[in-house]
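> Show me how the following folds:
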Amino acid sequence: MPMLELTHVEASYGRSQALFGIELQVEDGSVVTLLGRNGMGKTTTIRTIVGLLAAQAGTITFRGRTISGLRPHQIGRLGIALVPEGRQIFPTLSVRENLVATAANRARREAPWTLERVNGLFPRLQERADQLGGSLSGGEQQMLAIGRALMTNPHLLILDEATEGLAPLIRREIYDCLAGLKAEGESILIIDKNIGELSRIADRHVIIEKGETRWSGSHADFMADPDLRHRYLGV
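Just a heads-up that it's a prediction; the model follows:
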């Protein structure tokens, strides 16, 4: 049974339907990417998974439990953590306060994510522990957003636009950390436009166009079909 599974999921913003039957699976310990051009429904899919937008049809199951209809805080407590587009850290809290604000180990992991462990993953956060979140650079805020999500000790980490607007060196640093998380067995669902960096960590890809799943498959199959990438991802 997949850790996360979406079956025929539909969702709307008011009277405007945005999703028309999304199919998606994330296996335990795998990294799955959600790909597609801008405005095709990737972020809407994420919002529906975490309960920020109600699914109007279909089912969403997480670790064998139907989560369609649950509120965002209930879904979070079940073990899904979101690193949202735009980071959305707490600008008036210090870096340390941002990290401990939502810390929990509801899964009772033997080696949970702690402040010390997150600081080891992102040493810059330790250097800036007393700075306000709003004073950090964009790359540092993204590290903080990832660290904050990890502090909830999730079963599934979701990243929406993981490195959007970041400098190449910072982008590489973020992906080095994500590669480390994958090596530790973290399950990750990620949206990003940097196919080269995604290729370092992805097990499977799901392509969305106009609110529908158009293709899903292994990373090897994805890379072996340049026409597929041009058709759905080319500008």
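
> contacts, neighbours, all on C-alpha from now
Fine.

> Can you pull the phi/psi pair for E212?
Recorded main-chain torsions at E212 are phi -130, psi 150, according to degrees, to the nearest 10.

> What about it, how many residues nearby?
21 (other Cα atoms under 10 Å).

> Contacts for the biggest helix by length in the chain next, please.
Using DSSP state H, we find that the single longest helix of the chain is helix 168-183. Around helix 168-183, the neighbours that count as contacts under Cα atoms under 8 Å, 6 or more residues apart in numbering are G29, S30, V31, L121, G139, M143, T163, I188, E197, R200, I201.

> Give the other helices and strands that the helix or strand that that helix is followed by contacts.
Later in the chain than helix 168-183, the nearest helix or strand by DSSP states H and E is strand 187-190. When contacts are defined as 3 or more Cα pairs under 8 Å, 6 or more residues apart in numbering; DSSP states H and E, strand 187-190 packs onto strand 16-26, strand 31-35, strand 156-159.

> just the angle between the longest helix of the chain and strand 31-35, please?
Helix 168-183 and strand 31-35 meet at an angle of 130 degrees, taking axes from the mean of the first three to the mean of the last three Cα atoms, to 10 degrees as the criterion.

> send the alpha carbons of helix 168-183 over as PDB?
In PDB, the C-alpha atoms belonging to helix 168-183 read as follows (Å, rounded to 0.1, in the frame of the first residue of the first chain):
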ATOM      1  CA  PRO A 168      22.500  28.400  -8.000                       C
ATOM      2  CA  LEU A 169      24.900  27.800  -5.000                       C
ATOM      3  CA  ILE A 170      22.100  28.000  -2.500                       C
ATOM      4  CA  ARG A 171      19.900  25.700  -4.700                       C
ATOM      5  CA  ARG A 172      22.700  23.200  -4.800                       C
ATOM      6  CA  GLU A 173      23.000  23.300  -1.000                       C
ATOM      7  CA  ILE A 174      19.300  22.700  -0.600                       C
ATOM      8  CA  TYR A 175      19.400  19.700  -2.900                       C
ATOM      9  CA  ASP A 176      22.500  18.300  -1.100                       C
ATOM     10  CA  CYS A 177      20.400  18.400   2.100                       C
ATOM     11  CA  LEU A 178      17.400  16.800   0.300                       C
ATOM     12  CA  ALA A 179      19.700  14.000  -1.000                       C
ATOM     13  CA  GLY A 180      20.800  13.400   2.600                       C
ATOM     14  CA  LEU A 181      17.200  13.200   3.700                       C
ATOM     15  CA  LYS A 182      16.500  10.700   1.000                       C
ATOM     16  CA  ALA A 183      19.500   8.600   2.000                       C
END
